[in-house]
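below is the structure, and that's it, no one-letter string:
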């Protein structure tokens, strides 16, 4: 199994959970209006931090990737597949918050 395929599975699961969470949220329009900017900013920050620290960890020898299992596209030394996990977290964490929040606690 390639890292790209594994990453796509994580992204699809996270996107599906977010879709379900938004479908169940009665105030989804308000939430989307309020959340798009903070999620976008957090996404940029997390992707920059991932690029910097993954490059450092690869240079230090803490992580290696088998060339046969990566797509071949890299940002520095980091395969693009490595950025799927922070993106999945950015989708999944708000979704889990939506699914576990108390209903009716706010108007």
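Looks like it arrived, so ask away. Owing to the predicted nature of the structure, the values given are computational and were not obtained by experimental measurement. Numbers count the residues shown, from 1 in each chain.

low-scoring stretches of this structure, by residue?
In the prediction, the chain carries residues with pLDDT under 70 at positions 1, 103-107.

ok, the residue nearest to the spatial centre of the chain - contacts?
Central residue of the chain (C-alpha atoms, centre = their mean): residue 87, 1.7 Å from the mean position. Listed by C-beta atoms under 8 Å, 6 or more residues apart in numbering, the contact set of residue 87 reads 11, 14, 43, 47. From N, CA and C alone the C-beta is placed, and that goes for glycine too.

can we see that at 7 Å?
Contact analysis of residue 87 by C-beta atoms under 7 Å, 6 or more residues apart in numbering lists residue 11.

can you give me the buried ones in the strand or helix carrying it?
Using DSSP states H and E, residue 87 maps to helix 84-100. For helix 84-100, burial by neighbour count (16 or more other C-beta atoms under 10 Å) applies to 84-88, 90-92, 94-95, 98.

quick check: longest helix of this structure.
Across the chain, the helix with the greatest residue count (assigned by DSSP state H) is helix 28-60.
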